[in-house]
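> I need the structure of the sequence given here:
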Amino acid sequence: MEQYAIWGGNPLVGEVEIGGAKNAALPILAASLLTDDTVLIDNLPDIRDINVLLAAMKSIGVVVERLGRHQVKINAAHIYTTAIEGEGIRKMRASYYFLGALLGKYKSASVGLPGGCEIGTRAIDQHIKGFKALGAKVRLEHGMIITEAIDLTGAHIFLDVVSVGATINLMMAAVLAEGLTVIENVAKEPHVVDVANFLNSMGANIKGAGTDVIRIRGVKSLHGSEYTVIPDQIEAGTFMMAAAITKGDVTVKNIIPKHLECISAKLKEIGCEVQDSDDAVRVVASRVLHGTQVKTMPYPGFPTDMQPQISVTLGLAEGTSIVRESIFENRFRYLEELGKMGANVTIEGNVAILEGVKKYEGASISATDLRAGAALVLAALAAEGFSTVDHIHYIERGYEDFPEKLNGLGGHIKRVTNAEELKRARLKVV
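Model prediction:
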């Protein structure tokens, strides 16, 4: 039994430091396989997904040396197999980044079909389309994606849908290919740009990351690099919403404000005060919040990974709010859990209609995925009374020291592993 035991009702106040971006760090680790030289990566978040990925790299012969909690040295000169499988890696969506890296370097890769949170279909058709355009053969066999090529040659690729995973995977596959690769209708998320910057720091020739078109001129080889991962946009946004939902005053530090503009805009729209500085943002929720409309979109639109957090916030806002989920079809499953806390929600397909209530009540609830789990923790912190949150392994996939950071802002949350610890937490016994 692993749960969070939470006493709600306190405004969150203070400062919190944001760690490295999970969604950038995972593909950057995979991209480090593209060189035989040593790579040093800093500002890695210490979370389950990162540790599972590093273990998978070790399993194929990569030398991984942890220099500190957030720093790792990697050398992939002696990889002895391009097949990666195992229960842990199959549970991660990011496992597919090994396809692009290993195919690019060795012209061969076999990886178990990716998993992750059950929030909807995570099609890999655009990855496959791009690999084939570069000259690879792709087949699915016994739950594995197998890609092979004699040579990879630059190509013109138009993605049918904007896909972060396909954009990054095709960049990695193309950096060592012969000639010019042009990828259109690409994802523009900050972590896509960060991966491109990392590859360029190793000697790749990538231009246009952050725009609609990426151009990659293949090079003969890549060299070692020292690189620092960008701050986590979604962790930062989660703590910004934590201030809003608990009527608090939180300064979120070590961030890139430009990456958070769509989140800041919505918080201002519903009645929060948002103050930006060079590397921090302060969110103050001292007034009554009011409802709004939200539609998730690829960057620079409102991120799907922030949809649960703002929905939980809007559940306490005056009036009616409408949230449209345009990325994943199963991302509203957590709203049933929020209903146990007193939320007034109606779901119609990919639209959630929230009628604001005065307060949430403490309840026993379960995390349904990574971001929804974090959002339900925020709901519990805002609620009146005691709550427990189950299935916290989802949350720990993507948030480092989540209870500790929330407690540092005045929250009351404790990770418990047995009935006695839960009883003591319920009685507020240290």
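> Grab the nearest non-local neighbour of residue 262.
residue 302 (4.9 Å; Cβ to Cβ, 6 or more residues apart in numbering). For the C-beta atoms, the positions are set from N, CA and C on the backbone; glycine is no exception.
> isn't the one you found right next to residue 293, touching?
No. At 10.3 Å, residue 302 does not count as touching residue 293 under the criterion of Cβ atoms under 8 Å.
> between these two, which one's more packed in?
Neighbours per residue (other Cβ atoms under 10 Å) separate residue 302 from residue 293, with residue 302 holding more: 22 against 13.
> Which strand residues bridge the more buried one?
In this entry, residue 302 is beta-bridged to residue 296, by DSSP bridges.
> my read: residue 192 touches residue 165, true?
No. Look at residue 192 against residue 165 with Cβ under 8 Å: they stay out of range, at 9.8 Å.
> ok, back up a step: now the residue nearest to residue 262: how far from residue 275?
From residue 302 across to residue 275, the span is 20 Å (Cβ to Cβ, to the nearest Å).
> repeat for residue 70
In terms of Cβ to Cβ, residue 70 sits 27 Å off from residue 275.
> Repeat that for residue 172.
38 Å.
> same check, this time on residue 79
Distance of residue 79 to residue 275, given as Cβ to Cβ: 48 Å.
> Mind checking which of those two has more residues around it?
Neighbours were counted for residue 79 and for residue 275 using other Cβ under 10 Å; residue 79 has more, 17 against 11.
> doesn't the more buried one fall inside a helix?
No. Counting by DSSP: H, G, I helix; E, B strand; the rest coil, residue 79 falls outside a helix, being coil.
> Show the backbone phi and psi for it.
Per-residue torsions, residue 79: phi -70, psi 130 (degrees, to the nearest 10).
> got the contact list for it?
33, 60, 61, 62, 102, 106 (Cβ atoms under 8 Å, 6 or more residues apart in numbering).
> among those, which ones are buried?
33, 60, 62, 102, 106 (16 or more other Cβ atoms under 10 Å).
> What confidence value was assigned to the closest residue to the third one other than its chain neighbours?
To tie it back to what came earlier, the one meant is residue 62. Spatial nearest neighbour of residue 62, chain neighbours left out: residue 76 (4.8 Å); criterion: Cβ to Cβ, 6+ apart. Looking at residue 76, its pLDDT reads 98.
> doesn't residue 36 make contact with residue 76?
Yes. Look at residue 76 against residue 36 with Cβ under 8 Å: they come within range, at 6.7 Å.
> Buried residues, stretch 273-286. List them.
Buried residues in stretch 273-286 (16+ other Cβ under 10 Å): 274, 280, 281, 282, 283, 284, 285.
> end to end, how far does that stretch reach?
8 Å (Cα to Cα, to the nearest Å).
> For residue 84, name its beta-bridge partners.
Note on residue 84: beta-bridge partners by DSSP bridges are residue 111.
> Just the pLDDT for it.
In this prediction residue 84 is given a pLDDT of 90.
> hang on, the earlier thing: OK, contacts around the residue nearest to residue 262?
Contacts of residue 302 by Cβ under 8 Å, 6+ apart are 262, 263, 266, 294, 295, 296, 310.
> Show me which pair in these is furthest apart.
Greatest spatial distance among these (Cβ to Cβ): 263 and 295, at 13.8 Å.
> Comparing those two, which residue is more hemmed in?
residue 263 (24 against 15).
> Against which helices or strands is the host helix or strand of the more buried one packed?
Following DSSP states H and E, one finds residue 263 within helix 261-270. Packing partners of helix 261-270 (3 or more Cβ pairs under 8 Å, 6 or more residues apart in numbering; DSSP states H and E): helix 233-245, strand 273-276, helix 307-314.
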